Each structure stands twice: as structure tokens, then as C-alpha cells.
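**Q** Just the structure for this:
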Amino acid sequence: MVKMIEASCKPDALTRTIPAGQAWLVIVKASATNNLDTNRAAYWKAALVYRPSGGSATRQGSVASVIPDIESDTNWGGVNITISGNDVLATVQGKNGVNINWRVSWEILPNTE
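**A** Numbers count the residues shown, from 1 in each chain. All right, here's what the predicted structure looks like:
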């Protein structure tokens, strides 16, 4: 599954509930520019998330950078893959006082058909 959105620094860019008994490889790609077109960034992250039968969703270890973050302003917060309840979220964080236009896509590879 691939989902793409455009958002202006929306904190929870993408959200999906993990069914019990599944593990997913989650891959997130994002590009961003500020509203003045003076700064830009690109991110590519991956994480393994899972939800055991009868348990809560968990991220296995930390989020990996598939490529190093590419940023003209290193004060941008970037992209993260987090868990909230039984949901996996792709989140973006910009910089206070700066309007950032994000394009975010993710691919979820579940361990089931």
C-alpha cells in the first residue's frame, strides 16, 4: 500500500491501525519546502512495527535512515515513525514560525497476504 498526501506541517501526516498478529515494514519518504522557497529537505525512513495477538502495537528498535537526511536548514525536525495506541504514524516536524509544505508517502509491507 502506498499513500501520498500534501500537508502544511501537519504533525500526524499518515496513520494506520496495525491488526493483531501482524508485523509491518513501514517506509516513509518526504520532501518539503518552506513557503518562501528558501529552504528544502528530503527524508527516507524505515521501521519495523508489530502488534502481537492480545498485545499492543510496538516499534522494534529505532527508526532507520535509508539515506542521510538532506536539509538546507538542519533545524527542521524531519520525519519520524511512531506508535500511538495500536496505530503507526508517519509524523513530520518543521521549525517554529516557518510554514513548511510537505509531500509525504509511505509504503507498508505487511507479513500477511
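**Q** so what strands line up beside the stretch of helix or strand residue 59 belongs to?
**A** Using DSSP states H and E, residue 59 sits within strand 58-65. Strand 58-65 has its sheet partners listed here by DSSP bridges as strand 40-51 (antiparallel).
**Q** okay, now residue 95: neighbour count?
**A** 15 (other Cβ atoms under 10 Å). Bear in mind the C-beta positions are built from the backbone N, C-alpha and C, glycine included.
**Q** Need the three-state assignment for it.
**A** coil (DSSP: H, G, I helix; E, B strand; the rest coil).
**Q** likewise residue 53?
**A** Per three-state DSSP, residue 53 ends up coil.
**Q** which helices and strands sit right next to the helix or strand residue 29 falls within?
**A** Here residue 29 sits within strand 22-34, counting by DSSP H and E. Secondary-structure packing of strand 22-34 (3 or more Cβ pairs under 8 Å, 6 or more residues apart in numbering; DSSP states H and E): strand 40-51, strand 78-84, strand 87-93, strand 100-110.
**Q** That strand to strand 40-51, inter-axis angle?
**A** Comparing the axes of strand 22-34 and strand 40-51 via axes from the mean of the first three to the mean of the last three Cα atoms, to 10 degrees yields an angle of 160 degrees.
**Q** What mean pLDDT does strand 22-34 get?
**A** When pLDDT is averaged over strand 22-34, the result is 94.
**Q** Same question for stretch 59-77.
**A** 95.
**Q** circling back: following element in sequence after the strand holding residue 59, please.
**A** strand 70-71.
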